[in-house]
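1. Sequence and computational prediction follow.
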Amino acid sequence: MKNYKTSIFTGMRPTSGITIGNLIGAIKPTLDVLEKESSKRPMLFVADLHSLTTNEGKDTQGNVISVLKDYIAAGLDPEKADLFVQSQIADEISKMTIYLSRLVTVSELLRIPTLKEKIRSGQSEMTVNGLLALYPVMMASDILLQGSEYVPVGKDQYPHMEITCEIVRKFNKKYGDTLLEPKPLDQGEPVNILSLTGDGSKMSKTNPNGAIILSDDIDVSLKKVKRAKTAFAGEMNDDLDSLLQIAKYVSTEEEGREFDRLIEEHMEGKQVMGDFKNLLMSSLERFLKDFQSKKAEISDDYVLELVKKGGEKARSNAREVLEEVEKAMGMRFV
Ligand code: TRP
């Protein structure tokens, strides 16, 4: 392959009921990168095959559609990007994953963070499922089949990107120059929005008491903000910092300045957390209303039409790459 086919490529796993933490931590950084590189046509996909690695997502199809709508409601212009779903090209991904698996050792696979996380949360190397161990190889397939140049991902995904590059180097060395190395595009540190319950955990729909779930009834979310833990006057802590990040994301410019002023006063020791929360609740209410009405306007049919087109492009890229890969490996006889 002489040239990259896709200048910016990224994706996320389908999750139901995304939280404002997912929006700020995963969707916003991607949209920011796309805006900065607006001359390039990005390709965005939903990694539903990757979500098979966890038990999550009994309604995977519904979640996929919901994530695509979230991207658009959060500001992605669907005319300026190609969107597809990983399982649309499951045949190509599966083949590529088999070919590439040849190039990584089991011990390399056991070192990746997704797996280490599971091992930390009680599973062992012996009980995690096989597909989870193949996670980075399948991710390499996603990236390489689209001939991707830049891949915007958070720092947490860098180890996966390194495996992808290592696979490319090994492949080219073994079978001759065929694949091009992708480059990570820095989205900065992954933003960590904490649970509003103040127990130090990450905001997640699995702990709904502390999560602002975008599709929830708005009053439910506002009540959670009202009860949220802040910090004593004069002090900054992770809970208040999370609230401030949410505030900055949902506010207008003018409200943003007001938040800055309140935080300044708070740090001077004044009692302003009541005002801070009131402002946060009104900004958040407007933001959620707007987000929900934008999302409600997007029909399933519209999204399906988009991925039909995007999927065709993704399949055509993937087949071209596979052809070169198979020729190089001596796996194509006609
Ligand atoms: N691993 C990514 C995540 O958990 C999702 C993903 C799968 C991905 N394949 C990819 C991201 C290819 C970028 C490129 O968020």
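-> Here it is on my side, so go on.
2. switch to C-alpha atoms for all contacts and neighbour counts from now on
-> OK.
3. Show me what from the stretch 101-250 of the chain comes close to the ligand.
-> 139, 142-143 (CA under 6 Å from any ligand atom).
4. Out of those, who's the most crowded?
-> Counting neighbours by other CA atoms under 10 Å, the top entry in these is Asp142, with 26 neighbours.
5. I'd assumed Ile93 was in contact with it.
-> Yes: in terms of CA atoms under 8 Å, Asp142 counts as a neighbour of Ile93; the distance is 6.7 Å.
6. Next one, pLDDT for the residue in the stretch 51-200 of the chain positioned nearest to the ligand please.
-> Scanning the stretch 51-200 of the chain for proximity to the ligand using CA to the nearest ligand atom identifies Met139 as nearest, at 4.1 Å. Note on Met139: pLDDT of 97.
7. Does it touch Pro159 like I think?
-> No: using CA under 8 Å, Met139 is not in contact with Pro159, being 11.3 Å away.
8. quick one: the residue of the stretch 51-200 of the chain closest to the ligand and Ser94, what's the gap?
-> Distance from Met139 to Ser94, counting by CA to CA, to the nearest Å: 11 Å.
9. What residue, apart from its backbone neighbours, is nearest the residue in the stretch 201-334 of the chain positioned nearest to the ligand spatially?
-> Nearest residue of the stretch 201-334 of the chain to the ligand: Ala314, at 12.9 Å (CA to the nearest ligand atom). In space, and not counting its chain neighbours, Ala314 is closest to Gln146: 6.5 Å by CA to CA, 6 or more residues apart in numbering.
10. Let me know the secondary structure of Asp70.
-> Put simply, Asp70 is helix when judged by DSSP: H, G, I helix; E, B strand; the rest coil.
11. which residue packs closest to it, ignoring adjacent ones?
-> Lys295 (6.8 Å).
12. Doesn't that neighbour lie inside a helix?
-> Yes: assessed with three-state DSSP, Lys295 lies in a helix.
13. what about it, how many neighbours?
-> Neighbours of Lys295 (other CA under 10 Å): 19.
14. OK, contacts around it?
-> By CA atoms under 8 Å, 6 or more residues apart in numbering, the residues touching Lys295 are 69-70, 72-73.
15. Kindly recompute the last result at 10 Å.
-> Neighbouring residues of Lys295 by CA atoms under 10 Å, 6 or more residues apart in numbering: 66, 68-74, 215, 289.
16. Distance check, it against Lys308.
-> Between Lys295 and Lys308 the distance, using CA to CA, works out to 20 Å.
17. do the same with Ile27
-> From Ile27 to Lys308 the distance is 22 Å (CA to CA).
18. swap in Ala140?
-> From Ala140 to Lys308 the distance is 23 Å (CA to CA).
19. quick one on the thing from earlier: give the buried residues for the helix or strand encompassing the residue of the stretch 51-200 of the chain closest to the ligand.
-> Taking DSSP states H and E as the criterion, Met139 maps to helix 135-145. For helix 135-145, burial by neighbour count (16 or more other CA atoms under 10 Å) applies to 135-145.
20. how far is it from where the chain is centred?
-> Offset of helix 135-145 from its chain centre (CA atoms, centre = their mean, to the nearest Å): 15 Å.
21. Show me what the next helix or strand after it is packed up against.
-> As assigned by DSSP H and E, the chain's next helix or strand after helix 135-145 is strand 148-153. Packing contacts for strand 148-153, counted by 3 or more CA pairs under 10 Å, 6 or more residues apart in numbering; DSSP states H and E, involve strand 6-12, helix 28-36, strand 42-46, helix 135-145, helix 158-175, strand 183-186.
22. Report the angle between strand 148-153 and helix 28-36.
-> Relative orientation of strand 148-153 versus helix 28-36 (axes from the mean of the first three to the mean of the last three CA atoms, to 10 degrees): 140 degrees.
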